[in-house]
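Participant: The following block contains a protein sequence and its predicted model.
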Amino acid sequence: MTQLSSHKANALTGRLRVPGDKSISHRSLIMGTLALGESRISGLLEGEDVLDTAKAMRALGADIRRDEAGDWRVIGVGVGGLCQPDTALDMGNSGTGARLVMGLVATTPHSVTFTGDASLSSRPMKRVTDPLTKFGASFHGAKDMTLPLTVSGIEDPLPIEYEVPVASAQVKSAILLAALNTPGKTTVIEKTPTRDHTERMFEHFGVEIAITPHGKNTAITVTGQPELTARDMVVPTDPSSAAFPTIAALITPGSDILIENVGMNPSRTGIYTTLQEMGGDVSFVNERLECGESVADIRVRYSPLNGVTVPQDRAPSMIDEYPILCIAASFATGETVMRGLEELRVKESDRISVMVAGLQAAGVQVVEHDDGMTITGQTSIPGGALVKTHLDHRIAMSFLTLGMASDQPVTVDDGRVIETSFPGFRDLMNGLGAHITDQIKDPA
Ligand code: S3P
């Protein structure tokens, strides 16, 4: 494991671009595979999670390569054209990759085994195996439905109507992808809106999709077995990745940065609303629409922050940002209350207990709840901690951000895991004024 240490940063200044959106990147490779002809993807995230999905799509029959200009070309096989893979699909660290591809193969006549790393192998899959079983697929593996799991797909699937019991875009998307190779109309009912990249991507490819109110909920209905033809796709940069330099700049005195071309889909931007409510000087310039997704540049300047209570119904639009929000809260005046976050316990790590342990080790005042945490901010944070990341990229980047403004350096036990979502994080942050090194140079 590569330890990384983050020392007090200079003021962060300059323009930067973070890598492509992870959620959209997975979906662009999957949709390219389902379309006939060659789709071109620009701005694809070249992180390990997405590269694992690319490998899985190749194993299912797609021809995928990166061209000299850095764009990705996918020659698809069409809906209903997926092949039987020769070996198990190793989805690495990625819950999104595993769950979406399970949905994709559940309505094919193939038998596909899914494996993953220790983190992914501990994550719940029953949330997708339950609805996919209703199409007629069956699953073989451990009783608790964790990986490794084998999906026996169904050749003649039946369309379903399914109300998603957890707020999860992965579950919704697994069902929508299974619906593509199912005759007739499949409906997903969503009680809490979650990121809608799959729906937008379906519209981009011309899939017949209707999104309508269903009482207090939303019904998403897809007509199966369309013939899809190749489309070009532009992946905006990832608002979840942009949250790290945003908060680094907010807590590091003198900072003033511009993050270019960030995806601003409203189902993803809860963190920016919250930071503005905390008094953060975060503004959006040059707002525009690219391939059905809104995009803007974000200007961030150092700001004294105040604690807030984050509304629970905002959680789906910032579900991946609570670890980094904890770092902003550590420097805010007063209490920041984050509740209604049971889902955080089943992410790449149990993000509530792992954040609480790391924050306490660094001298932050934090109280753990079953469904979240409350942080009381301080003007100075001691730091000087060695934090365990538990194979979780967002834990690693959050604590490296803490080290930029704490009194003593903060070290994470495994910096390599950042490669899953944000290749180049260290160099990009150091280019702005951060001081992240391989090991502690001046230990406390
Ligand atoms: C994702 C959905 C979210 C999120 C994950 C990416 C997606 O997970 O945490 O990083 O691309 O659909 P859940 O659907 O489990 O909330």
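Facilitator: Good, I have the coordinates. Given the structure is predicted, the values throughout are model-derived calculations rather than measurements. Residues are numbered from 1 along each chain as shown.

Participant: which stretches of the stretch 51-200 of the chain form helices?
Facilitator: For the stretch 51-200 of the chain, applying DSSP state H, counting those that start in this stretch gives helices covering 95-106, 126-135, 169-180, 197-205.

Participant: next helix or strand past the last one?
Facilitator: When you say that, I think you mean helix 197-205. Moving toward the C-terminus from helix 197-205, the next helix or strand (DSSP states H and E) is strand 209-214.

Participant: Next, the angle from that following strand to helix 197-205.
Facilitator: Angle, strand 209-214 to helix 197-205, by axes from the mean of the first three to the mean of the last three CA atoms, to 10 degrees: 130 degrees.

Participant: quick one on the thing from earlier: residue 310: which of the helices of the stretch 51-200 of the chain is closest?
Facilitator: With CB to CB, the closest approach to residue 310 among these belongs to helix 169-180: 19.2 Å. In this view, the C-beta of every residue, glycine as well, is placed from N, C-alpha and C.

Participant: which one is residue 412 nearest to, not counting chain neighbours?
Facilitator: Spatial nearest neighbour of residue 412, excluding adjacent residues (CB to CB, 6 or more residues apart in numbering): residue 396 at 4.7 Å.

Participant: where's the one you found, which helix or strand?
Facilitator: According to DSSP H and E, residue 396 maps onto helix 393-405.

Participant: Can you give me the buried ones in that helix?
Facilitator: By 16 or more other CB atoms under 10 Å, the buried positions in helix 393-405 come out as 393-405.

Participant: quick one on the thing from earlier: dump the helices of the stretch 51-200 of the chain to JSON lines, plus mean neighbour count and mean pLDDT.
Facilitator: Shown next, in JSON lines, are those (neighbours: other CB atoms under 10 Å; pLDDT from 0 to 100):
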{"stretch": "helix 95-106", "mean neighbour count": "27", "mean pLDDT": "98"}
{"stretch": "helix 126-135", "mean neighbour count": "20", "mean pLDDT": "98"}
{"stretch": "helix 169-180", "mean neighbour count": "27", "mean pLDDT": "99"}
{"stretch": "helix 197-205", "mean neighbour count": "21", "mean pLDDT": "97"}
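
Participant: picking that back up, and the buried residues of helix 393-405 as JSON lines, adding pLDDT and distance to residue 4?
Facilitator: JSON lines is the format used below for the buried residues of helix 393-405 (pLDDT from 0 to 100; distance: CB to CB, whole Å):
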{"residue": "393", "pLDDT": "98", "distance to residue 4": "12"}
{"residue": "394", "pLDDT": "98", "distance to residue 4": "14"}
{"residue": "395", "pLDDT": "98", "distance to residue 4": "12"}
{"residue": "396", "pLDDT": "98", "distance to residue 4": "7"}
{"residue": "397", "pLDDT": "99", "distance to residue 4": "10"}
{"residue": "398", "pLDDT": "99", "distance to residue 4": "13"}
{"residue": "399", "pLDDT": "99", "distance to residue 4": "9"}
{"residue": "400", "pLDDT": "98", "distance to residue 4": "6"}
{"residue": "401", "pLDDT": "99", "distance to residue 4": "12"}
{"residue": "402", "pLDDT": "99", "distance to residue 4": "12"}
{"residue": "403", "pLDDT": "98", "distance to residue 4": "9"}
{"residue": "404", "pLDDT": "98", "distance to residue 4": "12"}
{"residue": "405", "pLDDT": "98", "distance to residue 4": "16"}
